[in-house]
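Chemist: The following block contains a protein sequence and its predicted model.
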Amino acid sequence: MKEIIRAAIVIGRRDLTAIIFSKAFILFLLGPLFPVIVGVAAGALGGQIKQDSDKPTVGILMSEQDTMRLLAVRSQLAEQVGQGWYPELRSIGKQDEKSGTQPGKSPREYLTDKKNSLVAVVSGSLENPKITATQSEADRNDDEIAMLIGYAKSGQSTQLPKVDMEIVTKSASGAKKGQQVTGQLAQVIMYFLTVLLTGMVLSNLVEEKSNKIIEILAASIPIEAVFVGKLFAMLIMSLIGITIWTGTGISGFALLASSLPLDAIPAPAVGWPVFLILGVVYFTMTYLMLGALFLGIGAMAATVREVQTLSMPVTMVQLIIFFFSAYTVTQLDQPIEQFAAIFPFSSPFAMIARAAQMPTLWHHAVAVIGQAFFTVLLLRIGVHLFKRNVMKSGAGGAKNTAKKRKLFGLIPLPR
């Protein structure tokens, strides 16, 4: 084991030095410019589509009679003009008809409770209604709510009734949506980074196979060391690039920070320090899993054309997994989201989105252990493919390998 680790460090240092001190490394650092532009455009488009298709939910905190009348009116009008025309209504409590009070949470408390995920709360009575909401949601839904109250009160809405407004700074629904956006952005960044960086492992291996360098290395040191050394060298190089890109991004953001509100970027549920650490961990796991897979593919391919043929299905599956993980962002704690968090290839994407929405940390400890176990399994499979294909030189592959080891003096010649 010590020999393998020592040899892997030598191979890793060799590959890392060759890449970082080359002119191509400058072009590598400029590579993410176009994916970032595409990612920002896709995120803005997805956010707009989500905003257009989102159905806000309004809580009703009235007497049972008023609540039933509002729900019935909303159902009747929605059948006539369409379900998306009016916000969804949900009864969240009963108000005492005599005293006009509600023994429990206030409308503000219901609005800020994340379990309810409400954009507004209607309280009081049909005669004296009151809407509690943020300013943006009040501007968005006040007319529709007033129209429903008018129909429930008099059977017509020729004149909107007077409604008292209570404006709150932040609602639970707004916080939840913001955290979902943070999780989706993290997934997009992780996906583009893995697509950009894992392919370099494959191209590096094919180049050395075509030059027969890989056979010389494999004949000199344990094949496991070649495999692990190359994979971790590329990982370190990727982390160096990510550090430079992150520093550049933070510097650019600092120039605009003075003109942006403090809550312009929704904070994740676990907090920014833990979220960034988890982002690095999950990217590392994703990179190692895909890197091991691509090295196994490279071991089976002899030419660049074969590499493209074999890697295309993996790339398409990777894209499908990303879309699947992005879909589960809004399905927190549902069976499909739990499956995405357990399945190894989608687990890093699903868990980073969960970190943005849930403060629980032990879920991530279990997920990282499972991903590490699967990464080791993929490494072992990749090493097996590496041994079987890279060192195979026709029918006499094993004999040729022995001859090469004798040539390098690694095993004694028979007397």
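Modeler: Received, thanks.

Chemist: in the protein, which helix or strand is least confident?
Modeler: Every helix and strand of the chain was ranked by mean pLDDT, DSSP states H and E. The lowest is helix 397-407, at a mean of 47.

Chemist: Quickly list the domain ranges of the chain.
Modeler: Taking automatic domain parsing as the reference, the chain has its domains at 2-30+174-407, 55-170.

Chemist: Please produce TSV containing those domains, extended by mean neighbour count.
Modeler: In this view, the C-beta of every residue, glycine as well, is placed from N, C-alpha and C. Converted to TSV, those look like this (neighbours: other CB atoms under 10 Å):
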stretch	mean neighbour count
domain 2-30+174-407	17
domain 55-170	17
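
Chemist: Secondary structure element for the residue nearest to residue 208 when sequence neighbours are not counted, which one?
Modeler: Of all residues not flanking residue 208 in the chain, residue 214 sits nearest, at 4.4 Å (CB to CB, 6 or more residues apart in numbering). Per DSSP states H and E: residue 214 is located in helix 213-220.

Chemist: State the mean pLDDT of that helix.
Modeler: Across helix 213-220, pLDDT averages out at 74.

Chemist: begin at 23 from here
Modeler: In the new count, where the first residue is 23, that last one comes out as helix 235-242.

Chemist: From residue 222, how far off is the residue nearest to residue 230?
Modeler: According to CB to CB, to the nearest Å, residue 236 stands 16 Å off from residue 222.

Chemist: what do you get for residue 311?
Modeler: Going from residue 311 to residue 222 by CB to CB gives 16 Å.

Chemist: just residue 48 next, same as before
Modeler: Distance from residue 48 to residue 222, by CB to CB: 15 Å.

Chemist: Contacts only, for residue 396.
Modeler: 311, 366 (CB atoms under 8 Å, 6 or more residues apart in numbering).

Chemist: Which of the helices or strands spans it?
Modeler: Using DSSP H and E, residue 396 sits in helix 384-412.

Chemist: Also residue 291?
Modeler: Going by DSSP H and E, residue 291 is not in any helix or strand.

Chemist: Give the full set of residues in contact with it.
Modeler: 201, 377, 378, 379, 380, 381.

Chemist: where does the second one land on pLDDT?
Modeler: In the prediction, the pLDDT value recorded for residue 377 is 92.

Chemist: quick one: contacts of stretch 25-37?
Modeler: Residues outside stretch 25-37 that contact it (CB under 8 Å, 6+ apart) are 226, 239, 243-244, 246-248, 250-252, 254-256, 258.

Chemist: meant to ask about stretch 357-366, not that
Modeler: With CB under 8 Å, 6+ apart as the criterion, stretch 357-366 contacts 311, 346-347, 349-350, 353, 368-369, 371-373, 376, 385, 389, 392-393, 396.

Chemist: how far does that stretch sit from the chain's center?
Modeler: 13 Å (CA atoms, centre = their mean, to the nearest Å).

Chemist: just stretch 289-304 next, same as before
Modeler: Worked out by CA atoms, centre = their mean, stretch 289-304 lies 12 Å from the chain centre.

Chemist: low-confidence ranges in the stretch 173-322 of the chain?
Modeler: 178-182, 191-197, 228, 231-232, 271, 274-287, 321 (pLDDT under 70).

Chemist: those helices in it, which residues are they?
Modeler: Applying DSSP state H, counting those that start in this stretch to the stretch 173-322 of the chain gives helices spanning 194-232, 235-242, 245-278, 294-322.

Chemist: and those helices as CSV, adding distance to residue 94?
Modeler: Below are the helices of the stretch 173-322 of the chain laid out as CSV (distance: least, CB to CB, whole Å):
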stretch, distance to residue 94
helix 194-232, 24
helix 235-242, 74
helix 245-278, 50
helix 294-322, 45
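
Chemist: Between those, which one is closest to residue 41.
Modeler: Residue 41 lies closest to helix 245-278 among the helices of the stretch 173-322 of the chain, at 5.4 Å (CB to CB).

Chemist: list the contacts for residue 315?
Modeler: By CB under 8 Å, 6+ apart, the neighbours of residue 315 are 336, 400, 404.

Chemist: do you know which of the helices of the stretch 173-322 of the chain lies nearest residue 156?
Modeler: With CB to CB as the criterion, residue 156 lies closest to helix 194-232 of those, at 6.2 Å.

Chemist: starting at the chain centroid, how far to that closest one?
Modeler: That offset, for helix 194-232, works out to 8 Å (CA atoms, centre = their mean).

Chemist: If anything else comes up later, I'll come back, but that's it for now.
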